[in-house]
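In: Whatever this is, show me its structure:
(one chain, ligands or ions: 1)
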Amino acid sequence: MNFELTEELQDIKRVARDFALKEIAPTVDQDDKAHRFRQDLVKKMGDLGFFGCVIPEEYGGNDMGFLAITLIAEEIARVHSSMRLPFNMNALGPARTILKFGSEELKRKYIPGLVSADLMGCFAITEPDAGSDVASMKTRAVLEGDHYVVNGSKMWISNAPVADVGLLYAVTDPGKGARGISAFVMDCKSPGVTVEPITEKLGTWGAPVGAMTFENFRIPKENLLGAEGDGFKICMSQLDDTRLGCAAGALGVAQACIDAVLQYANERQQFGQPIGKFQMVQDMIAQMIVETEAARLLVYRAAFLKDKGVPNTLETSMGKYASAEAANKCADFAMKIFGSYGYSEEYPVARYYRDAKSYQIVEGTSNIQKVIISNDALGYRKANR
Ligand SMILES: Cc1cc2nc3c(=O)[nH]c(=O)nc-3n(C[C@H](O)[C@H](O)[C@H](O)COP(=O)(O)OP(=O)(O)OC[C@H]3O[C@@H](n4cnc5c(N)ncnc54)[C@H](O)[C@@H]3O)c2cc1C
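Out: Coordinates of the predicted model:
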């Protein structure tokens, strides 16, 4: 075993940290409060190769790997969780999934633009009545000549208001349950697609999200990923990769909470001494550090296994669960340590508290990760197949 990052990975982490501090940090509070999506900064991250880590050079990537993209996404989320989303919406979601399941034509048409961030991406799984139970989705795609005609709606789609291209999961054979779902690459700005932004949400205010409605939306049949009926399998494969991006983001938020409390606990004086001297505050800080570090090891192991190309659904679920819970515990404790200043908007802790919550929900709730982990342990359903 080797717990040390290679020099190359340390450099990548440093570049991401520097970028976040220099480009994102100066306006993070204003951007967040204005619910402003900084597409210009997403483009800069694309130019730096941040979205190319899990894509080969021939499609515009740099092949640095899953651990590299994990480190970068973590450092970006440590400064602004909303800015972490494009790692999933462009790179780990659409680009990676098209790479794995798309035709050569689809790869050449879409992946370079997603990697450079000239195109904004999204993926559309969730529906108003189909969340954790993905297989119960209703959006219908019917083959008519050389196009699929899509009708239905998707809900809570990150990037939907700005996306150019996305993955769409829809039912092609209603009698077959999960085996009747197919995956498509969609041009989001085509006729037949309507997007309604969801503006009132608890956190990640700098990350646009929306509801998508499809009315006789025509997708060329060449945009089918894999074969008809492969959609559920492709969706689970996509979630395996995008869960890693979430886990990296959760680590970033957890670390941001630790950074904030270490400074504050030394500055804030009560009863004639810094509050960091009180054992109850120390207890919270120790728990924050240990649980974040434990989660980090799980997340990095999942990334390491992905780089080795071995099955890792179980380890990815463990990392996603542990990091989401760590982020929420850290945000909760940071709020306690900051007292009323945590509750105010004067410090970033309120933002961390709001942003941490999404990690327990998106890409499979914490419950769903626990279902995967426990079913595997009990021998009911193997996670790594
Ligand atoms: C900010 C944000 C961004 C999002 N972005 C996207 C996106 O880009 N694309 C996309 O497709 N979706 C996206 N989503 C949707 C997200 O993936 C779903 O919200 C999530 O999968 C949970 O579905 P649900 O909200 O319908 O909850 P439900 O599935 O209705 O679950 C409600 C509760 O029941 C629990 N539960 C459900 N089933 C089980 C079970 N079998 N065992 C134990 N507990 C269970 C859940 O854990 C949860 O606590 C986003 C959501 C948010 C909030």
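In: Could you report the pLDDT at Met1?
Out: pLDDT, the model's per-residue confidence, is 83 for Met1.
In: Ok, Pro197 next?
Out: In the prediction, the pLDDT value recorded for Pro197 is 98.
In: ok, which stretches of the protein are strands?
Out: 121-124, 140-144, 147-158, 165-171, 181-187, 193-197, 209-220, 224-225, 269-270, 273-274 (DSSP state E).
In: Any idea which of these gets closest to the ligand?
Out: Each of those was checked against the ligand via CB to the nearest ligand atom, and the shortest separation belongs to strand 147-158, namely 3.4 Å. In short, each C-beta sits where N, CA and C put it, glycine included.
In: and that closest one, which strands flank it?
Out: strand 140-144 (antiparallel), strand 209-220 (antiparallel) (DSSP bridges).
In: Pick the most deeply packed of those.
Out: Compared across the strands paired with strand 147-158, strand 209-220 shows the largest average neighbour count, a mean of 19 (mean count of other CB atoms under 10 Å).
In: how distant is that one from the center of its chain?
Out: Using CA atoms, centre = their mean, to the nearest Å, the mean C-alpha position of strand 209-220 is found 22 Å from that of the whole chain.
In: swap in stretch 196-216?
Out: Between the mean C-alpha point of stretch 196-216 and the mean C-alpha point of its chain there is a distance of 15 Å (CA atoms, centre = their mean).
In: just stretch 313-321 next, same as before
Out: 14 Å.
In: average pLDDT across it?
Out: Across stretch 313-321, the per-residue pLDDT values average to 98.
In: about what we covered before: pick the most deeply packed of the strands of the chain.
Out: Of these, the one with the most neighbours on average (mean count of other CB under 10 Å) is strand 121-124, at a mean of 30.
In: I'd like the strands of the chain written out as TSV, with distance to Ser323 added.
Out: Below are these laid out as TSV (distance: least, CB to CB, whole Å):
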stretch	distance to Ser323
strand 121-124	20
strand 140-144	34
strand 147-158	18
strand 165-171	24
strand 181-187	27
strand 193-197	28
strand 209-220	21
strand 224-225	28
strand 269-270	32
strand 273-274	29
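In: and of those, who's closest to Phe50?
Out: Phe50 sits nearest to strand 121-124 of all those, at 13.7 Å, using CB to CB.
In: Any chance of JSON lines for the strands paired with strand 147-158, columns distance to Pro311 and mean pLDDT?
Out: Written out in JSON lines, the entries for the strands paired with strand 147-158 read as follows (distance: least, CB to CB, whole Å; pLDDT from 0 to 100):
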{"stretch": "strand 140-144", "distance to Pro311": "29", "mean pLDDT": "98"}
{"stretch": "strand 209-220", "distance to Pro311": "31", "mean pLDDT": "98"}
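In: related to what we said a few turns ago, could you export the strands of the chain as CSV, including distance to the ligand?
Out: As requested, those are arranged in CSV below (distance: least, CB to the nearest ligand atom, whole Å):
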stretch, distance to the ligand
strand 121-124, 5
strand 140-144, 16
strand 147-158, 3
strand 165-171, 8
strand 181-187, 12
strand 193-197, 12
strand 209-220, 5
strand 224-225, 15
strand 269-270, 36
strand 273-274, 37
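In: Can you check which of the ones you listed gets nearest to Ala20?
Out: Each of the strands of the chain was scored for nearness to Ala20 using CB to CB, and the closest is strand 147-158 (19.6 Å).
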